[in-house]
Every structure is written in structure tokens, then in C-alpha cells.
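>>> got a sequence here, can you model it:
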Amino acid sequence: MAESVQSGQPSLKYLGFFEIAVDKATKYAASIYEFAKDSSGSLKPSVDSVESSVRTVVGPVYQRIEGKPYEILLFVDKTVDDAVGKIDSCVPNTVKEMSHQAYGIARQVPQLAKSVLADVQNGTLIEKGKSYYEKYEPVAQEWTCAAW
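You can find the predicted model right below:
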């Protein structure tokens with residue numbers, strides 16, 4: 001298993017996005033907390049007192065669970081990997097190929113949406129729609145007749 005670049009721990013194969021999301025959320029929450037603490041004005045001594053009390057209470061709990069959430073995430077990631085391996089061995093190749101094609105098409109959707117949005121903003125959407133209709137309508141009719 002590959003090593004994580006940041007921590008030297010084994011990296012996550014399927015749930016790496018979760019680790020990144022938690023890391024970003026933690027950083028955002030910490031920056032918001034620091035901003036609120038700095039902006040607390042006359043309440044700053046009270047905030048410092050509460051923060052010290054929380055550190056005293058939560059510190060030992062944090063030391064006991066430190067590293068455990070990542071171990072749980074590794075376990076779940078390994079379980080997902082095992083399940084994907086079992087499913088992969090049962091799924092026919094044609095289904096795999098179709099899912100890869102669908103994935104490829106889905107990856108193109110954001111670019112297509114940007115293109116359509118640009119056409120809407122430029123006012124050229126209707127003209128392009130008409131040209132596509134004129135171009136592909138005979139093909140669609142031919143395929144429909146062939147399907148019957």
C-alpha cells in the first residue's frame with residue numbers, strides 16, 4: 001500500500017477525498033475560531049479562560065483517541081477495496097466497458113455545461129441548436145427506422 005505524503009501513514013485508495021475534506025474543514029473551522037477569538041474584544045479574557053478549561057478536559061481524551069479515526073478510515077477503505085474486488089470479479093466485461101464509457105461522458109458534462117452557458121450568454125444558443133437539429137435529425141430518423 002502506498003504511503004501518505006503528509007504523514008508517512010498508508011494512503012487511502014478510495015476514501016482519500018474524505019481525509020482531504022476533513023483536513024480542509026478543520027482548517028476553515030480553526031481560522032473562523034481564531035477570527036472570532038481575535039474579534040471578541042472585551043470578552044477575550046473569558047474566551048481564554050474557557051479555552052484553557054476545555055483544553056484541560058479534552059486533552060486526555062484527545063491523547064487516547066489520537067490516530068484511531070485514521071485507523072478506522074483505513075479499515076473502511078480496505079473493506080471498500082475488498083468489496084470492489086469481489087464485485088469486479090463478478091461483473092461482465094461489457095458492463096465494465098459501458099460504465100467506463102458512461103464515466104467518460106459524465107466527465108465531459110462540466111465542459112459541455114460551460115459551453116452551453118457561454119452560448120446562452122453570447123446569444124448563439126438558438127442558432128447552434130437549429131444547426132445541430134438540421135444536422136442530426138436525419139441521422140436520428142435513420143437510426144429509429146433501423147431499430148424498428
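
>>> when you work out contacts or count neighbours from here on, use the C-alpha atoms and nothing else.
Will do.

>>> separation between E127 and V50?
For E127, the distance to V50 (CA to CA, to the nearest Å) stands at 64 Å.

>>> and N122, by the same measure?
N122 is 56 Å from V50, by CA to CA.

>>> between those two, who's got more neighbours?
More crowded of N122 and V50, by other CA atoms under 10 Å: V50, with 12 against 9.

>>> any idea which element that one lies in?
In the assignment (DSSP states H and E), V50 maps to helix 44-65.

>>> so what secondary structure elements neighbour that helix?
helix 16-38 (3 or more CA pairs under 8 Å, 6 or more residues apart in numbering; DSSP states H and E).

>>> list the neighbours of the helix it packs on that are in contact with it.
Helix 16-38 is contacted by residues K44, V47 when judged by CA atoms under 8 Å, 6 or more residues apart in numbering.

>>> likewise stretch 75-91?
Outside stretch 75-91, the residues within contact range by CA under 8 Å, 6+ apart are L12, K13, Y14, L15.

>>> what are the phi and psi values for the last one?
When read as degrees, to the nearest 10, the backbone of L15 gives phi -110, psi 20.

>>> low-confidence regions, this protein specifically.
Applying pLDDT under 70 to the chain picks out residues 1-8.
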